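**Student:** Take a look and give me a structure for this.
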Amino acid sequence: MKTLTTSIVLILAVAGMAVGAEKETKHRTVVTTVNGMVCSFCAQGIEKHFKKDPSVAKVYVNLGKKAVVLEEKSGKKIADESIKKAVTNAGFKVVRIERPTKTFDEVVKAVKAKKS
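**Tutor:** Coordinates of the predicted model:
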């Protein structure tokens, strides 16, 4: 009986680690509100920068909504400070950085639908 209990505990522990590992490698979405973007050239510059970032899988910039939406690559994380530095160095101001639980596509759809 003791061996069976030990085996069950071990199986549950391994299953728990697998679930935890899955959460860590899941794509995460980052939404940054940016002030100062006034033209499509501004938006393109920010998009171009983040497309080069090895931690970023997808980028969406919406000039009218002042939003930069990023999807982190699996197993990677882009730090808030890196986002702030890139945006600030491009001449813009970060107002807010959020990490919603929604997917990149869900967030982009919500940003597009949001009233200015």
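**Student:** Tell me where this structure has helices.
**Tutor:** Applying DSSP state H to the chain gives helices spanning 2-25, 40-52, 80-89, 104-113.
**Student:** What is the neighbour count of residue 96?
**Tutor:** 10 (other C-beta atoms under 10 Å). Where C-beta positions appear, they are placed from N, C-alpha and C, glycine not excepted.
**Student:** ok, what's across the strand from it?
**Tutor:** residue 33 (DSSP bridges).
**Student:** isn't it right up against residue 30?
**Tutor:** No - counting by C-beta atoms under 8 Å, residue 96 sits too far from residue 30 to count as a contact (10.9 Å).
**Student:** which ones are touching the residue nearest to residue 49 when sequence neighbours are not counted?
**Tutor:** Nearest residue to residue 49, sequence neighbours excluded (C-beta to C-beta, 6 or more residues apart in numbering): residue 86, at 5.4 Å. Contact analysis of residue 86 by C-beta atoms under 8 Å, 6 or more residues apart in numbering lists 46, 49, 50, 53.
**Student:** go on, residue 98?
**Tutor:** Residue 98 neighbours (C-beta under 8 Å, 6+ apart): 30, 31, 32, 33.
**Student:** Buried ones only from those residues, please, as a ChimeraX command.
**Tutor:** A single ChimeraX command selects the buried members of the contacts of residue 98 (16 or more other C-beta atoms under 10 Å):
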select :30,31,32
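**Student:** Would you reformat the contacts of residue 98 as JSON lines and include distance to residue 113?
**Tutor:** Shown next, in JSON lines, are the contacts of residue 98 (distance: C-beta to C-beta, whole Å):
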{"residue": "30", "distance to residue 113": "19"}
{"residue": "31", "distance to residue 113": "14"}
{"residue": "32", "distance to residue 113": "18"}
{"residue": "33", "distance to residue 113": "16"}
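**Student:** Which one of the contacts of residue 98 is nearest to residue 76?
**Tutor:** residue 30 (11.4 Å; C-beta to C-beta).
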